[in-house]
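# Dropping the sequence and predicted coords here.
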Amino acid sequence: MDAVAAAPGTRERTLDALRAVRPALAIVADDEGLKPFETDAFIAHRETPMLAVMPESEEQVRAVVRACRRLGVPVVTRGAGTGISGGAIPRSDGVLLVMTRMRAIVSLDPVARTATVEPGVRNLAVSEAAAPAGLFYAPDPSSQSICSIGGNVAENSGGVHCLKYGLTTHNLLAVRTVDADGDVVETGSLALDAPGYDLMALVTGSEGNLGVVTRVCVRLLPLPERTETLLAAFASVRQAAEAVGEIIGAGIVPAALEMMDRIVIEACERSMALGFPRGAEALLLAEVDGGEEEAREALAAVRAILERCGATEVRVAADAVERERLWKSRKGAFTALATILPDFYTIDGTIPRRRLPDILERVYALAAEYGLVVGNVFHAGDGNIHPCIFYDANQPGELERGEELGGRILEACVEAGGTITGEHGVGIEKLRQMCVQFRAPELAAFHDVKGAFDPGGILNPGKAVPTLKRCAEWGGMHVHGGQMPRPDIPRF
Amino acid sequence: MEETFVAELCERVRDHAARGRALRIRGGGSKEFYGAPGGEAEVLEVGRHAGIVAYEPKELVLTVRSGTALEEVEAALAAERQMLPFEPPHFEGSGTQPRALATIGGAVASGLSGPRRPYAGAVRDFVLGTRIVNGKGEDLAFGGRVIKNVAGYDVSRLMAGALGTLGVITEVSFKVLPRPAAETTLAFELDQAAAIEQANRWAGQPLPLSATAWEDGRLRVRLSGAATAVAAAKAKMGGEEIDAMQYWQDLRDQRLPFFAGDRPLWRLSVPQTTEPFLPEHGQLVEWGGGVRWIRGHPDPLAVRSTAERAGGHATLFRGGDKSIGVFHPLKPALAKIHRRLKLAFDPAGILNPGRMYDF
Ligand SMILES: Cc1cc2nc3c(=O)[nH]c(=O)nc-3n(C[C@H](O)[C@H](O)[C@H](O)COP(=O)(O)OP(=O)(O)OC[C@H]3O[C@@H](n4cnc5c(N)ncnc54)[C@H](O)[C@@H]3O)c2cc1C
């Protein structure tokens, strides 16, 4: 994305228009106040927004969008700012719409098993509110204690339990947005379907491009009666990856099936001292749930498969405390990784599950080629890999090298029949790889979809879908054999 | 040969677009009754574009050409003890016509899901990718063959239920699931209000529900899952255990006596906890209360407003006077986006025009 300066006078005109919004709106206009909004969790890139606003109601959101539309000023929506592809990175010529003050749980109906919430509500807050009724909201990104439901909808976020319970898109009943005209668009419904096209499917995962999410009705599920968690150590990544395929091939759908490689295991051990098996090259964390008997049976079956696949050790959590402990490694892995090098960059490719062993070998080979350390902690059951590339931002050129390596890994995922993003979104980070995954006619269709919701192109412009012109400049990059045309044009 | 089919299809669509001549897309014709009649159009047969492209049971992913018979797809999955979790209706041989084959493309385009839907998910939930030919005659691929994919807008799911008005589906990839090891049905004598309440209470507990249906004072509940889970649920729920394999198939395909005859059939999709409305006789309640089938209500406007007041919508599913609109009218902001999308995918308005709404 290029830094673009707003036309002279735009800032003042916009400020006037925003000040006229009724009920009056919280506006951030000073450099000090704007600083925290310069980036999301894609910290390698930053930009100061022209202005930021913090609406407390849908009415205010509509007024802001209308004003910006009239003035031709871009609007970037921001939730909690935990996105890791740069989707919420502001524009110097745009208004940043910060949704965190719209954080009411509007209603929770234990009988209908639904919760209606404002977009700024934290993901975990929904499950916490539902727990007394024996219910939970299934999608659980590792960032769940901070990320917002609005952001989850915009990214179609996953979590560690989506193998069994699905992504955000599978757990929504209705999403209400304000479109670029300032109109309220109600997609989905409180019933199990809605008339017309499935616009909720389009809005989910649209990265703030098709509307501002102002209200979400999510589906709640009954908490399982029993959960069993086990951890298995393997002497090779390949064996662990094969065990994943065996479990699913046996007709078991675990609630979670996560994998960590040696670099991650060691980092976790150093920072959390969890007493992991020594010398393991890979750990698999598996969880099965269901009725009392059912969970016990599944546990026995999974255990037998893990052992047959060569696990050197299998540990079963005896109780909730031990389960927490096992999960701590997985959920805290990213924090632990920061002890290796302060800077790392997380990749988010997916591949058909059977290609796991190959793709991991390729990742290690590419890492060696670039002379960078890569650790892997990921959703093995979904075939969703998250290589973490370590770099030292103080070493000139290392970030660029890391980003190039990331691009190569994603292209390898596409070649393996997968995709460039499983759950983190395209943002600004993967615009270039979009040109690898899709051909011009599909990209044009995406722009058509955008045009149907936002004909003036004011909502989060320049994110999620590259322009055809950009792809052409990047060299019409259908990459094969892993060779990316040498980028002498800046990446964003 | 299959690639030739797609290339010819693109050619034909381009030709029709240039001449502004409508096409009526036809898989096997089993759902010809569904939707608005549309206007004069030449039939575009896609039924011969058949065959399974890729099926890797351990991946839980199946890719299939749109003309493939639904029963062929289901047989291939059954051989690996897997299934399409949304239990798509076949509707083969309904009415007086000779048996029309249901195709997988039609199952996706119609967006219809069967009795398992509230507990497993809808068609759209299991679509991972689609290949379509849009109204400009372009061959486009969206989504993919992997379980998780957020690259680009989710155009694949958009095709589910679009009734072919945005593109001719030529290939679909699905997420599939293992077949449950055990299945049984329990029956309970309950009036409609009590049945709806009970179904919702059960759905809030960790029970392996896979379908519910209420008619004539009897609630049937299907349980599917691990043998132990089904046995435990049976003990907890009580009721009378019945053999209902055929019942669920007949419900899915509307072969039950309730569906017989020519009286108009309305489908009201409402929040599952909605209390009973309109006269109780002539109703069949599915989806844990989420779908109310109503036969022959004389006042379509009353049906529509009842559904709308409850937060849902009403479809004139079969028969009746279709001139009042088969599908529930869209609110203006939604209608605006629908029109723009239609114009973007099918600028000449030649793909199944009028099958859904007046575009
Ligand atoms: C440590 C860590 C762990 C993570 N783990 C996971 C994981 O396991 N799985 C996963 O999927 N992701 C994960 N993420 C990524 C991130 O948390 C998710 O993408 C999350 O959904 C972003 O929510 P947010 O509220 O922070 O959104 P933001 O970062 O503020 O915004 C993300 C995108 O959504 C748009 N947006 C935000 N709110 C709205 C709204 N109301 N209306 C319209 N558009 C909006 C923004 O414009 C932007 O494009 C992780 C991130 C971190 C930092």
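Yep, that arrived. Numbers count the residues shown, from 1 in each chain, chains lettered A, B, ... in the order given.
# Run through the residues that contact A:Phe344.
A:Phe344 makes contacts with A:Leu337, A:Ala338, A:Gly375, A:Cys388, A:Ile389, A:Phe390, A:Tyr391, as judged by Cβ atoms under 8 Å, 6 or more residues apart in numbering or on different chains. To be clear about C-beta, it is placed using only N, CA and C from the backbone, and glycine gets the same treatment.
# In three-state terms, label the fourth one for me.
The reference is to A:Cys388. Secondary structure, DSSP: H, G, I helix; E, B strand; the rest coil: A:Cys388 is strand.
# Bridged to it, which residues?
Counting by DSSP bridges, A:Cys388 forms beta bridges with A:Thr346, A:Gly375.
# give me every residue that touches it.
A:Val264, A:Phe334, A:Leu337, A:Phe344, A:Tyr345, A:Thr346, A:Ile347, A:Val374, A:Gly375, A:Asn376, A:Val377 are the contacts of A:Cys388 under Cβ under 8 Å, 6+ apart.
# Walk me through the domains of chain A.
A:10-98, A:105-222, A:226-335, A:341-429, A:440-482 (automatic domain parsing).
# looking at those domains, which is closest to B:Lys175?
domain A:105-222 (9.3 Å; Cβ to Cβ).
# any chance of the domains of chain A in a markdown table, with mean pLDDT and distance to the ligand too?
Listed next are the domains of chain A as a markdown table, based on pLDDT from 0 to 100; distance: least, Cβ to the nearest ligand atom, whole Å:
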| stretch | mean pLDDT | distance to the ligand |
| --- | --- | --- |
| domain A:10-98 | 96 | 2 |
| domain A:105-222 | 97 | 2 |
| domain A:226-335 | 91 | 5 |
| domain A:341-429 | 93 | 3 |
| domain A:440-482 | 86 | 5 |
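# The stretch 101-250 of chain A: helices as residue ranges?
Secondary structure of the stretch 101-250 of chain A (DSSP state H, counting those that start in this stretch): helices at A:123-130, A:149-155, A:162-165, A:199-203, A:237-249.
# so who does the residue of chain B found nearest the ligand touch?
The ligand sits closest to B:Val150 of chain B, with a gap of 8.3 Å, by Cβ to the nearest ligand atom. Going by Cβ under 8 Å, 6+ apart, B:Val150 touches A:Glu155, A:Asn156, A:Gly205, A:Thr421, A:Gly422, A:Glu423, A:His424, A:Gly425, A:Val426.
# Can you say which of the contacts of A:Cys388 are buried?
Listed as buried from the contacts of A:Cys388 are A:Val264, A:Phe334, A:Leu337, A:Phe344, A:Tyr345, A:Thr346, A:Ile347, A:Val374, A:Gly375, A:Asn376, A:Val377; burial here means 16 or more other Cβ atoms under 10 Å in any protein chain shown.
# which of those lies closest to chain B?
A:Ile347 (13.3 Å; Cβ to the nearest Cβ).
# For that closest one, which residues are in contact?
A:Ile385, A:His386, A:Pro387, A:Cys388, A:Ile389, A:Gly406, A:Ile409, A:Leu410.
# What residues sit buried inside the helix or strand containing the last one?
Counting by DSSP states H and E, the secondary-structure element that holds A:Leu410 is helix A:398-415. Residues of helix A:398-415 classed as buried under the neighbour-count rule (16+ other Cβ under 10 Å) are A:398-399, A:402-415.
# One more: stretch B:83-102?
B:83-92, B:94, B:100-102.
# cool, stretch A:302-309 as well?
Neighbour-count burial for stretch A:302-309 flags A:Val302, A:Arg303, A:Ile305, A:Leu306, A:Cys309 (criterion: 16+ other Cβ under 10 Å).
# Which residue lies nearest the spatial centre of the chain?
You didn't say which chain, so I picked chain A. Residue closest to the mean C-alpha point of chain A, counted by Cα atoms, centre = their mean, is A:His424 at 2.9 Å.
# please go with chain B instead
Note: chain B centre (Cα atoms, centre = their mean) maps to B:Leu112, 0.6 Å.
# all strands of the stretch 51-200 of chain B, in order?
Along the stretch 51-200 of chain B, counting by DSSP state E, counting those that start in this stretch, strands occupy B:52-56, B:61-65, B:82-83, B:127-133, B:139-143, B:168-175, B:177-178, B:182-189.
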